[in-house]
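In: I'll drop the sequence and a predicted model, then ask my questions.
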Amino acid sequence: MEIEGEAGITIGGKTKKKKGKDRTLSSGVGAEAKVGVTAAEAEGHGQVGYDNTNVHGAVRGSSHSAEAHANAGIGAFTNENGKPEFGLQADAGASAYVIEGEAKAGFTLFGIKVDVSGSAGVGVAAEAKAGVTTQKAEAKFKLGPFGLGISIDASGMFGELFK
């Protein structure tokens, strides 16, 4: 069982969300609050190909979970690859599930990463997430037991094409 609570305000410092799933705000202004509980959680992922050309996917599942969160930031971000991005992001939501799962799949072609995700569960949820940076545009919406997200990441585009 996991019980988690977070709160913070960042001005020109660093903050990172759980398990590195979201960007780290390295300079700018941001605020975050989160509280949650999960009885059990499991995930797996795989990739076939190289870093700049591949097919990849991931699955995640949890049982008996409840969460509420809000997050907003504007400034310079460090993405999951440690590269700087500039922009803004915000998300807020609440959920309570008996069982919930999410699947993600995508491909990377010449450094341009395209991901699609879907989720379903027995419970209720309302969530919205949006972000735009110099390298990535992302939107995710969830209402009720189903969700859909899309992410297009062009962070590798120019670096890979002009090596």
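Out: Right, received. Where do you want to start?

In: what about G44, how many neighbours?
Out: Residues within reach of G44, counting by other Cβ atoms under 10 Å, total 9. Every residue, glycine included, has its C-beta placed from N, CA and C.

In: which stretches in this protein count as strands?
Out: Remark: strands assigned in the chain by DSSP state E are 2-11, 24-49, 54-78, 84-109, 112-133, 136-143, 146-153.

In: mind putting those strands in CSV, mean pLDDT included?
Out: CSV is the format used below for the strands of the chain (pLDDT from 0 to 100):
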stretch, mean pLDDT
strand 2-11, 65
strand 24-49, 84
strand 54-78, 88
strand 84-109, 87
strand 112-133, 84
strand 136-143, 79
strand 146-153, 64
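
In: gap between the nearest residue to F107 once chain neighbours are set aside and T108?
Out: Nearest residue to F107, sequence neighbours excluded (Cβ to Cβ, 6 or more residues apart in numbering): V55, at 5.0 Å. Distance, V55 to T108, by Cβ to Cβ, to the nearest Å: 8 Å.

In: and if you look at D91?
Out: 24 Å.

In: counting neighbours, what do you get for G121?
Out: There are 23 residues near G121, going by other Cβ under 10 Å.

In: which strand residues bridge it?
Out: E100 (DSSP bridges).

In: cool, the one 5 residues further on as well?
Out: In this structure, A126 bridges to A94, L143 when assessed by DSSP bridges.

In: count of residues packed around it?
Out: Neighbour tally, A126, other Cβ under 10 Å: 13.

In: residues in contact with it?
Out: 93-95, 142-143 (Cβ atoms under 8 Å, 6 or more residues apart in numbering).

In: closest one of these to G121?
Out: Closest approach between the contacts of A126 and G121, by Cβ to Cβ: S95, at 8.0 Å.

In: any idea how far that closest one is from G61?
Out: Distance from S95 to G61, by Cβ to Cβ: 14 Å.

In: more neighbours, those two?
Out: S95 (21 against 16).

In: leaving out chain neighbours, which residue sits closest to the more buried one?
Out: Once flanking residues are discounted, S95 sits nearest to A125: 3.6 Å by Cβ to Cβ, 6+ apart.

In: my read: the one you found touches A94, true?
Out: Yes: here A125 reaches A94: they are 7.1 Å apart, a contact under Cβ atoms under 8 Å.
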